[in-house]
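Participant: With the input below, show me the fold.
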Amino acid sequence: MKAVILAGGSGTRLWPLSRYGLPKQFIKLNGEKSLLCQTVERLSAMTRLKDIFVITNEAYLFHVQEDLKSVSPELENNIILEPVGRNTAPAIALVVKYFEEKLGCGKDEVVLICPSDHIIEPVEKFAKYSRQAEQAAKAGSIVTFGIKPSRPETGYGYIKKGSKLGGVFKVARFVEKPDQKTAEKYLADGNYYWNSGMFSFTLGTMRAEFKAHSPEILRRMAAPLAKMTAEFKHMPSISIDYAVMEKSARTSVLPIDLVWSDVGSWDSLPDVVKPDSDGNIKVGDIMVLDTKRTILMGGKRLICAVGLKDLIIIDTADALFIVKRGQAQRVKEVVELLKERERREIVEHTTIYRPWGSFIVLEEGPRYKIKRVVLKPGHKVSHQLHYHRSEHWVVIKGAALVTIGGKKRIVHENESTYVPKSTRHRLENPGKLPLELLEVQNGEYMGEDDVVRAVYRNKKAV
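Facilitator: Okay, the predicted model is just below:
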């Protein structure tokens, strides 16, 4: 069985912690590991590491690479890359084509599809359900995992189970997100399950269903993988639910009863982080007095709360979000307003991640900017120059190999170096530990687009 993790989403439902530049699957919400890493480790309990793949888009490639390497170097190349996001149906089609052409898999190969940002416990129970779904998929079903509802939830789609079909049930119908009264009826009925977004199928079954219900997707799958990928932007943007699942006569549902959450809003955080005796969830340096049923999530600074009830307070370095519990879904309205005003806070954090490391803007003003830069061991920044600013580097940890105007030197801790305007330079970390430095920029323009990268001829920068 091949397991595929969908990691191309760019949701902001957990803003300001998740943003377009660092979506939910890459954040550490309930421990020291990202939700993507937790998903990989969960799947490793039911299939071999080499059979676990992640499909993502180019914007998140290095985030995925770093997370996979932190789990196992064996996973580093198990990435299927979308040139552009086109929803889940084209993503699944690309997965099918990749397995057929790149790995030579046959039509009976079973594929398990999982989102990258869900929390599921216990792992052993989920592994048992997955093996059950694998058997049903081999019999010709597209098996979707239905979560036994614990409350009348209006934020999820539902699946109604029909007649029994071996170890699963036929899908009687898929239902869109209901209102409160309808959700209460579904809960009382006992035959409705939350649509988890996880499903299992064979390559042959999915190809046949694309043929029956999404001929445009199938037509583009006829091209070689390289061409299909190059023309991926022309794929119809449609979810697998609309493209196949809701039309197919081969869908079945496997009811599963375990702890599950897609952490779809801040209101759902108590599903995955246990509240204290007062119903509070506290993450970070938090002090509370006479405070009940409140979620407080902070960063480095101290947060003190007095006399609060039923609030959600999310504090980051550059944004503070406060909302009443039960209304966290309205973060969508906040995000839309920020988008209209072209605010960068919905796109990126103050800490910006790059393939070579990261940097955080500590302070900026007219004609200056101060950054704290972290360069990973063995990595380097591209050979470049800036027309509108000079840079001063002060090493605070590690040793830097700097190239300035063609001359190389090592800069140790508590030493510094200066880069004049219009001078080609490069920063490298030749050591085995992270390199940390302060970068002070001065000039008339501080934009990140004031970068002229070197063109190489015969291995020399020109």
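Participant: Please count neighbours and contacts with C-alpha atoms only from this point.
Facilitator: Noted.
Participant: Was I right to think V395 contacts H412?
Facilitator: Yes. Between V395 and H412 a contact is recorded at 6.3 Å, counting by C-alpha atoms under 8 Å.
Participant: the more surrounded of these two?
Facilitator: V395 (21 against 16; other C-alpha atoms under 10 Å).
Participant: Across the sheet, point out what pairs with that one.
Facilitator: For V395, the beta-bridge partners under DSSP bridges are L437.
Participant: let's number from 256 now, not from 1
Facilitator: All set: I'll call the first residue 256, so the last point we hit is now V650.
Participant: Distance check, it against P610.
Facilitator: 20 Å (C-alpha to C-alpha, to the nearest Å).
Participant: Please apply the same query to G264.
Facilitator: G264 sits 19 Å away from P610, going by C-alpha to C-alpha.
Participant: So the chain: which segments form each domain?
Facilitator: As given by automatic domain parsing, the domain ranges for the chain are 257-519, 522-595, 606-716.
Participant: Same list (those domains) but as JSON lines, adding mean pLDDT.
Facilitator: Output for the domains of the chain, formatted as JSON lines (pLDDT from 0 to 100):
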{"stretch": "domain 257-519", "mean pLDDT": "93"}
{"stretch": "domain 522-595", "mean pLDDT": "94"}
{"stretch": "domain 606-716", "mean pLDDT": "90"}
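Participant: among those, which is the most enclosed?
Facilitator: Ranked by mean neighbour count, the domains of the chain are led by domain 257-519 with a mean of 19 (mean count of other C-alpha atoms under 10 Å).
Participant: Quote the end-to-end distance of it.
Facilitator: With C-alpha to C-alpha applied, domain 257-519 spans 26 Å between its terminal residues.
Participant: Then stretch 596-607?
Facilitator: Taking C-alpha to C-alpha as the criterion, the two ends of stretch 596-607 lie 21 Å apart.
Participant: again, but for stretch 667-684
Facilitator: By C-alpha to C-alpha, the extent of stretch 667-684 from end to end equals 11 Å.
Participant: Repeat that for stretch 578-592.
Facilitator: End-to-end distance of stretch 578-592 (C-alpha to C-alpha): 16 Å.
Participant: Quick one: residues in contact with it.
Facilitator: Contact partners of stretch 578-592, identified using C-alpha atoms under 8 Å, 6 or more residues apart in numbering, comprise 267-270, 520-522, 549, 565-568, 601.
Participant: Looking at those, spot the one nearest V339.
Facilitator: V339 lies nearest to T267 out of the contacts of stretch 578-592, by C-alpha to C-alpha, at 18.3 Å.
Participant: any idea how far the closest one is from W648?
Facilitator: T267 sits 35 Å away from W648, going by C-alpha to C-alpha.
Participant: Now do the strand or helix carrying E471: which elements does it pack against?
Facilitator: Using DSSP states H and E, E471 falls within helix 470-476. Packing partners of helix 470-476 (3 or more C-alpha pairs under 8 Å, 6 or more residues apart in numbering; DSSP states H and E): helix 343-356, helix 458-468.
Participant: Please put the alpha-carbon coordinates of that helix into PDB.
Facilitator: Output of helix 470-476 as PDB, limited to C-alpha atoms (Å, rounded to 0.1, in the frame of the first residue of the first chain):
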ATOM      1  CA  PRO A 470     -13.200  13.000 -18.700                       C
ATOM      2  CA  GLU A 471     -11.200  16.200 -18.900                       C
ATOM      3  CA  ILE A 472      -8.900  15.100 -16.100                       C
ATOM      4  CA  LEU A 473      -8.600  11.700 -17.700                       C
ATOM      5  CA  ARG A 474      -7.700  13.300 -21.100                       C
ATOM      6  CA  ARG A 475      -4.800  15.200 -19.500                       C
ATOM      7  CA  MET A 476      -3.700  12.000 -17.700                       C
END
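Participant: wait, what's in contact with the residue lying farthest from the centre of the chain?
Facilitator: The C-alpha centroid of the chain is most remote from K662, which lies 40.6 Å away (C-alpha atoms, centre = their mean). Neighbour list for K662: empty [criterion: C-alpha under 8 Å, 6+ apart].
Participant: Could you do the one 10 residues further on as well?
Facilitator: With contacts defined as C-alpha under 8 Å, 6+ apart, the neighbours of T672 are H647, W648, V649, V666.
Participant: ok, now with 10 Å
Facilitator: E646, H647, W648, V649, V650, V657, I659, R664, I665, V666, E694 (C-alpha atoms under 10 Å, 6 or more residues apart in numbering).
Participant: ok, now which ones touch the fourth one?
Facilitator: V649 makes contact with 627, 655, 666-673, 691-695 under the criterion C-alpha under 10 Å, 6+ apart.
Participant: For L442, which non-adjacent residue is spatially closest?
Facilitator: Spatial nearest neighbour of L442, chain neighbours left out: P407 (5.9 Å); criterion: C-alpha to C-alpha, 6 or more residues apart in numbering.
Participant: whoops, I mixed them up, A300
Facilitator: A382 (6.5 Å).
Participant: which SS state does K383 fall under?
Facilitator: Three-state assignment for K383 (DSSP: H, G, I helix; E, B strand; the rest coil): helix.
Participant: residues touching the nearest residue to P345 once chain neighbours are set aside, list them.
Facilitator: Spatially, and ignoring its direct neighbours in sequence, P345 is nearest to M490 (6.5 Å; C-alpha to C-alpha, 6+ apart). With contacts defined as C-alpha under 10 Å, 6+ apart, M490 is in contact with 339-342, 344-346, 348, 471-472, 474-476, 483-484.
Participant: Quick one: the strands in the stretch 406-555 of the chain, in order.
Facilitator: All strands of the stretch 406-555 of the chain, identified by DSSP state E, counting those that start in this stretch, fall at 413-420, 423-430, 447-457, 506-511, 514-516, 536-538, 541-544, 550-552.
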